[in-house]
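Colleague: Got a sequence here, can you model it:
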Amino acid sequence: MKRSFLTCIFFTIITSVATSSGAAPKVGIGAILGDPSGFTAKLLLNNTDALCFGIGPSGSDGFYLYLDYLRHFRGVFPLNELSLYLGAGAGLHHHDEKTKHHEEDEVSLEARLPVGISYMFHKVPVEVFLELAPALEIIPDIDFDIRGGIGARYFF
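Modeller: Numbers count the residues shown, from 1 in each chain. Predicted structure coming up:
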């Protein structure tokens, strides 16, 4: 029930942000495999800036929700379609089971610093990406984790 509710909130935020600005930004929706694995969406604000959202299970320890601001650096690689990106954001991790670091049903907040590469196909509006996101848990305890994965998004 909680996951369905959070998924509805997630897609409501994406839709409202995408329709509220006058410039009609492009929205990409897809999937990521890694930690977390699940749904991902990207809102292109302009040629270099984007907001990236995601929700999905995090290993065997609950689910993970994140929001990142990304800055793309085009021209770093010889291919124009390939770009490097860096960002900053926050992650919310709901722990479903007791582990050595967390009590049962605990929620933790993380600061994220994603770095990745993405390739945008032009004939078909699809982006594939590879990302690593070092994450510093700041609430309730201090801990460090590395998140990330490989994924794809379709833009419309």
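Colleague: which residue ranges form the helices in this structure?
Modeller: Counting by DSSP state H, residue ranges of the helices within the chain are 2-20.
Colleague: Would you map the strands across the chain?
Modeller: With DSSP state E applied, the chain shows strands at 26-35, 38-44, 49-57, 63-74, 82-95, 106-112, 115-120, 126-139, 143-155, listed in chain order.
Colleague: Can you spell out which helices and strands pack onto the fourth one?
Modeller: In this structure, strand 63-74 packs against helix 2-20, strand 38-44, strand 49-57, strand 82-95, with contacts taken as 3 or more CB pairs under 8 Å, 6 or more residues apart in numbering; DSSP states H and E. Every C-beta, even on glycine, is put in place using the N, C-alpha and C of the backbone.
Colleague: Please apply the same query to the last one.
Modeller: Contact analysis of strand 143-155 by 3+ CB pairs under 8 Å, 6+ apart lists strand 26-35, strand 38-44, strand 106-112, strand 126-139 as its packing neighbours.
Colleague: ranking the ones you listed by burial, who's on top?
Modeller: Greatest average neighbour count among the helices and strands packed on strand 143-155 goes to strand 38-44 (a mean of 21), per mean count of other CB atoms under 10 Å.
Colleague: and Asn80, how many residues sit next to it?
Modeller: Asn80 has 10 neighbours, counted by other CB atoms under 10 Å.
Colleague: which residues does the closest residue to it other than its chain neighbours contact?
Modeller: Excluding the flanking residues, the one nearest Asn80 by CB to CB, 6 or more residues apart in numbering is Arg74, at 6.9 Å. The contact partners of Arg74, taken as CB atoms under 8 Å, 6 or more residues apart in numbering, are Asn47, Thr48, Asn80, Ser83.
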